[in-house]
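*Asks:* Here's my sequence, what's the structure:
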Amino acid sequence: MSQKNETPILILSLLITAGLIGGGYWWFTQRSSVNLNQVNKSKSPDSNSTDRTQVSSGTTSKKFTTVKNIPTGLFNYGGSTSWAPIRLGVDSAMQAALPRFRLRYVQPGGSKAGSSTGIQMLINGQLTFAQSSRPITDPEFARAQQRGFRLKQIPVAIDGLALAVHPDLKIPGLTINQLRSIYTGKTNNWSQVGGPNIPIQPYSRPITDGGTVELFVQDILGGETFASNVEFVSTTTQALKKVSSRLGSIYYASAPEVVPQCSIRALPLGRTQGQYIAPYQEPFITPSECPAKRNQLNIEAFQSGKYPITRNLFVVIKQNGRIEEQAGTAYANLLLTEQGQKLISQQGFVRIR
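*Replies:* From the prediction side, this is the model:
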């Protein structure tokens, strides 16, 4: 065949080949539901590298057993005391479903458990991952980078702070400004905030105890120090006993630790006077009805942000490309399953998805 006759055939062959390649590309991207742009993005080493708060992406799994990339082994974790109900009611179910993913809670040596202690232990290599009731601070990010890795925090639940007062204290609620005034010593009698003529006795855990107190000092007190009349107690259990026995007392803690209690009343809070939001579901269940019935968390107010003191609970992960990162990510993903979120809500916290 002459070169003149071969030229049209060669052009036609090239056109057919190009058409087959283009059609195959269209079929692969449309029919197989693979987003190549997303794949390329996920391969980028800088993708999400600066994110400090990130909910794990992808379709939410329904059960613990459907989560992928669960490592095998024994993994140490610890941190916030506010997480205690989750460790008791959620992690135990997780262990039953995944016996090869073993979790061991580690108490800090020489200091009290808390968000700060847990994150510090994570940075120092004593924990695989940490549980925190506050965001990671800039100094903590810096210390981790000095050790050669990054920290990432994944929110898995919504919590809030609730105020406990004596059930017989006649006061409809407090504003955030009034609460600040009480704990900084500017207000020392309930009559100054619309209550009876009774001295106020505020209680708190020490600021060294972790995320809840740190959050209160930062967000409520605006960095001011506690007044000299604030009495510090070691545990929430101890503080609630004191509140139940003294009419003028007040104490703050994680809402699930306060709202269901029978011996105290969780006080409504507001951003403006007279517009108070209860941390419990109305109507209020009186101590005489408890424990047959207990007050339940006001989930709608916490999810919508109407309640003025809310926060996220975070799983803090060490991004080092090793099994620690895999285990921390797996733990967060397990809590974000439908099963995990349901169990979290059963422990009195508000689900985040």
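*Asks:* Tell me which stretches of the protein form helices.
*Replies:* Counting by DSSP state H, the segments of the chain that form helices are 3-31, 36-43, 84-89, 91-97, 115-123, 138-146, 176-183, 211-215, 236-245, 255-258, 299-304, 323-335, 338-346.
*Asks:* Least confident of the ones you listed, on average?
*Replies:* Here the lowest mean pLDDT among these goes to helix 36-43, at a mean of 29.
*Asks:* ok, now how distant is the residue nearest to residue 129 when sequence neighbours are not counted from residue 212?
*Replies:* With sequence-adjacent residues excluded and distances taken as Cβ to Cβ, 6 or more residues apart in numbering, residue 129 is closest to residue 328, at 3.3 Å. For the C-beta atoms, the positions are set from N, CA and C on the backbone; glycine is no exception. Separation of residue 328 from residue 212 (Cβ to Cβ, to the nearest Å): 22 Å.
*Asks:* Surely residue 223 touches residue 216?
*Replies:* No - in this structure, residue 223 is not within contact of residue 216 by Cβ atoms under 8 Å, at 11.2 Å.
*Asks:* So which of these two has more stuff around it?
*Replies:* residue 216 (21 against 7; other Cβ atoms under 10 Å).
*Asks:* what residues are up against the more buried one?
*Replies:* Taking Cβ atoms under 8 Å, 6 or more residues apart in numbering, we find residue 216 in contact with 161, 183, 204, 252.
*Asks:* Nearest to residue 306 among those?
*Replies:* Nearest to residue 306 out of the contacts of residue 216 is residue 161 (Cβ to Cβ; 14.5 Å).
*Asks:* Make sure the closest one is actually in contact with residue 309.
*Replies:* Yes - with contact defined as Cβ under 8 Å, residue 161 and residue 309 form a contacting pair (4.4 Å).
*Asks:* Can you pull the residues that touch both of the two?
*Replies:* residue 220.
*Asks:* what about the two, which has more around it?
*Replies:* Counted by other Cβ under 10 Å, residue 161 and residue 309 do not tie: residue 161 has more neighbours, with 25 against 21.
*Asks:* Check what pLDDT that one gets.
*Replies:* Predicted confidence (pLDDT) for residue 161: 95.
*Asks:* How about residue 111?
*Replies:* 80.
*Asks:* can you tell me how far it sits from residue 93?
*Replies:* Applying Cβ to Cβ, the value for residue 111 to residue 93 is 30 Å.
*Asks:* what bridges to the nearest residue to residue 279 once chain neighbours are set aside?
*Replies:* For residue 279, ignoring the flanking residues on the chain, the nearest one in space by Cβ to Cβ, 6+ apart is residue 162 at 4.4 Å. Residues in a beta bridge with residue 162, per DSSP bridges, are residue 253.
*Asks:* so how many other residues sit close to residue 162?
*Replies:* Residues lying near residue 162 (other Cβ under 10 Å) number 27.
*Asks:* how much space between it and residue 111?
*Replies:* Counting by Cβ to Cβ, the gap from residue 162 to residue 111 is 26 Å.
*Asks:* cool, residue 297 as well?
*Replies:* From residue 297 to residue 111 the distance is 30 Å (Cβ to Cβ).
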